[in-house]
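Peer 1: Fold the following and give me the result.
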Amino acid sequence: MNADRPAGPRAWAAAGALAAFAGLALAHAVAAAFAPRAAPLSATSDLVVAASPTWFTRWAIDTFGTADKPLLIAALAAGLAGVGALAGLAWRTRPRLGALLIAACAALAGAAAVSRPGLSLAAAIPALLGAAAAAAALTWWHRTGREGTPAGRRVFLGVLAGVGAAALVGARWAGRVGPAAVEADRAALDLPEADVPAPDPGPNADLDVEGLSPYRTPNGDFYRIDTAITAPRVDVDTWSLRVHGMVDRELQFTFADLLGRELVERDITLACVSNPVGGDLVGNARWLGVPLADLLAEAGPDPAADQLVSRSSDGWTAGTPTELVFDGRDALIAVGMNGHPLPVDHGWPARLVIPGLYGYVSATKWLTELELTTFDAYDAYWITRGWSTPRPIKTASRIDTPARRARAGTVTVAGVAWAQHRGISAVDLRIDNGEWRECALSDVATGDTWRQWRIEWDAPEGEHTLTVRATDGEGNPQTSAVAGVVPDGATGLHSVTVTVD
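Peer 2: Sure, this is the predicted structure:
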């Protein structure tokens, strides 16, 4: 008789959480097939990021760094599981209340998806289908939990877990081969040869030191910082770039139009304004693209337009001083990165690369619009959140090796230094409280890339502090004053403590 006893509250809560998981997995599988950014966790996370107050955004960046997005998604998933458990408990005695909780989650996720730039009302479909699946599962459990046997309940739990797992696998598959995938377009593209190849940096651009960052950062290792929870997957066949605003004539360019223009290849280092002293949110790559100044000139910019606002397909914006676009620097609309079409995570099919400025005011990915306007008329995304208007990248240097330990004797100390568009003229290293010692520098072709440095150290046993300092191409030494990343980039000298044995 005990075998047919109705399920208790814990079983109802577990069934609700599992139903929510299965519905969420199904919603993500559906979204992956046609609009990955419409997936409930992705869309809701995007909405949270967009709606977060400045103080919270700064706190998240300072506290979690690049782990802030995964933690946000994990928190939302945990919250959904909790709501699912509450819905299961409510369904035990008041099914309508349980259904209302599920409907509320679906409405929130659906509204978040619809509100994202570039998505239509159809973006709510994944959330609605996921909620319907969760409600259907709890309806089944309502019968099984009240009247079924423990064996029947185990079948229910097993089926639901299987559905959820299969949906997650389906989501990964759909993201690779379904309509939302763009890798086939990228793989099919043969990048044209550069009309203006990058200048050769010289035979010693890459110093042969183990543990030292390479001159060019591989695409898979290049840092990614943006506000997109899920990288936009842009259909290159329908993509276009609009140039408008304070111009004589509005222009529109397709991807084929860009490939048909003069293509310039340049080595350029990009850095994130959120990079802490000694951090790795910086990388150097060989970019292939269209000169930005030439393209804008065809639109006839108004001389009074002092700001170029660039927009991403997901609605993100950056504001660049127009004078820095037209001052002769190699500002590009990039279509290639290190000899390959742009990776999806780095802006496929086109992005901005403007040397000398942090990415938050210059390096828009998934580029769709260029608007000539003024700084008085418009504040871009991060400016409205307390970051400064565009200022030059600050001189920085980093010790890559040794990191923590070394063997007594001759030790090679090496790293990288950067001051884009000014270049690096010198790097010095200090051991403990000793004198600054000049380091050997790698070859570079322009001041727009980072520069490797190295020095040999006769390391005695014990604990030692190594500190590096760079001097830019204009003769200005890197400041030792310590400042955080807000509002316009961190300052201070990078030091590491090394134990020599």
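Peer 1: and the next element down the chain from the helix or strand of the chain with the lowest mean pLDDT?
Peer 2: Lowest by mean pLDDT, DSSP states H and E among the helices and strands of the chain is helix 150-177, with a mean of 59. For helix 150-177, the following helix or strand on the C-terminal side (DSSP states H and E) is helix 183-188.
Peer 1: For that next one, list every residue counted as buried.
Peer 2: Asp185, Arg186 (16 or more other C-beta atoms under 10 Å). All C-beta atoms are positioned from the backbone trio N, CA, C, and that covers glycine.
Peer 1: which outside residues touch it?
Peer 2: Arg176, Asp235, Val236, Asp237, His340, Pro341, Leu342, Pro343, Val344, Trp348, Pro349 (C-beta atoms under 8 Å, 6 or more residues apart in numbering).
Peer 1: Helices of this protein, residue ranges please.
Peer 2: 9-34, 40-51, 54-64, 68-93, 95-115, 125-147, 150-177, 183-188, 255-259, 292-297, 322-325 (DSSP state H).
Peer 1: tally of neighbours for Arg143?
Peer 2: 11 (other C-beta atoms under 10 Å).
Peer 1: Now do the contacts for it.
Peer 2: Arg143 neighbours (C-beta under 8 Å, 6+ apart): none.
Peer 1: ditto for Gly447
Peer 2: Ala419, Gln420, His421, Arg422, Gly423, Ile424, Gly473.
Peer 1: ok, so what distance separates the nearest residue to it once chain neighbours are set aside from Pro201?
Peer 2: Sequence neighbours aside, Gly423 is the residue nearest to Gly447 in space, at 2.7 Å (criterion: C-beta to C-beta, 6 or more residues apart in numbering). Distance of Gly423 to Pro201, given as C-beta to C-beta, to the nearest Å: 12 Å.
Peer 1: can you check Trp348 too?
Peer 2: In terms of C-beta to C-beta, Trp348 sits 26 Å off from Pro201.
Peer 1: Between these two, which is the more surrounded one?
Peer 2: Neighbour count, other C-beta under 10 Å: between Trp348 and Pro201, Trp348 has more, with 26 against 19.
Peer 1: List the contacts of the more buried one.
Peer 2: Neighbour list for Trp348: Val182, Arg186, Val234, Val236, Pro341, Leu342, Trp366 [criterion: C-beta under 8 Å, 6+ apart].
Peer 1: Buried ones in stretch 131-142, by neighbour count?
Peer 2: Neighbour-count burial for stretch 131-142 [16+ other C-beta under 10 Å]: Ala131, Ala132, Ala133, Ala134, Ala135, Ala137, Leu138, Trp140, Trp141, His142.
Peer 1: Name the nearest residue to Pro218, sequence neighbours excluded.
Peer 2: Leaving aside its sequence neighbours, Pro218 sits nearest to Asn338 (C-beta to C-beta, 6+ apart; 7.0 Å).
Peer 1: Surely the one you found touches Arg286?
Peer 2: Yes - using C-beta atoms under 8 Å, Asn338 is in contact with Arg286, at 5.3 Å.
Peer 1: what residues do the two have in common as contacts?
Peer 2: With C-beta under 8 Å, 6+ apart as the test, Asn338 and Arg286 both reach Arg216.
Peer 1: quick one: the strands in the stretch 351-500 of the chain?
Peer 2: Here the stretch 351-500 of the chain has its strands, by DSSP state E, counting those that start in this stretch, at 351-353, 367-373, 396-401, 405-406, 409-418, 424-431, 436-438, 440-441, 451-459, 462-472, 495-500.
Peer 1: residues in contact with the fourth one?
Peer 2: The contact list for strand 405-406, computed with C-beta under 8 Å, 6+ apart, reads Ala459, Val498, Thr499, Val500, Asp501.
Peer 1: picking up where we left off before, from the contacts of helix 183-188, which land in strands?
Peer 2: His340, Pro341 (DSSP state E).
Peer 1: Buried only: go through the contacts of helix 183-188 for me.
Peer 2: For these, a burial check counting by 16+ other C-beta under 10 Å picks out Val236, Pro341, Leu342, Pro343, Val344, Trp348, Pro349.
Peer 1: per-residue pLDDT, the second one?
Peer 2: Reading off the confidence values, Pro341 has pLDDT 97.
Peer 1: The last one too?
Peer 2: Looking at Pro349, its pLDDT stands at 96.
Peer 1: Could you do the first one as well?
Peer 2: Residue-level confidence at Val236 comes out at 92, pLDDT.
Peer 1: Over to Trp141?
Peer 2: With respect to pLDDT, Trp141 scores 76.
Peer 1: before we move on, the earlier item: packed most tightly, which of the helices of the chain would that be?
Peer 2: Across these, averaging neighbours per residue (mean count of other C-beta atoms under 10 Å) puts helix 9-34 on top, at a mean of 24.
Peer 1: Quick one: distance of that helix to the chain centre.
Peer 2: Helix 9-34 sits 27 Å away from the centroid of its parent chain (C-alpha atoms, centre = their mean, to the nearest Å).
Peer 1: Report the inter-axis angle for that helix versus helix 40-51.
Peer 2: Interaxial angle, helix 9-34 versus helix 40-51 (axes from the mean of the first three to the mean of the last three C-alpha atoms, to 10 degrees): 80 degrees.
Peer 1: Reformat the contacts of helix 183-188 into TSV and put distance to Ala14 next to each item.
Peer 2: Below are the contacts of helix 183-188 laid out as TSV (distance: C-beta to C-beta, whole Å):
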residue	distance to Ala14
Arg176	32
Asp235	41
Val236	45
Asp237	46
His340	47
Pro341	46
Leu342	45
Pro343	41
Val344	37
Trp348	42
Pro349	46
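Peer 1: quick one on the thing from earlier: what about the residue nearest to Pro218, distance to Trp239?
Peer 2: Asn338 is 22 Å from Trp239, by C-beta to C-beta.
Peer 1: cool, Arg116 as well?
Peer 2: Taken as C-beta to C-beta, the span from Arg116 to Trp239 is 17 Å.
Peer 1: Pretty sure Val234 sits against Trp366.
Peer 2: Yes - applying C-beta under 8 Å, one finds Val234 in contact with Trp366, separated by 5.8 Å.
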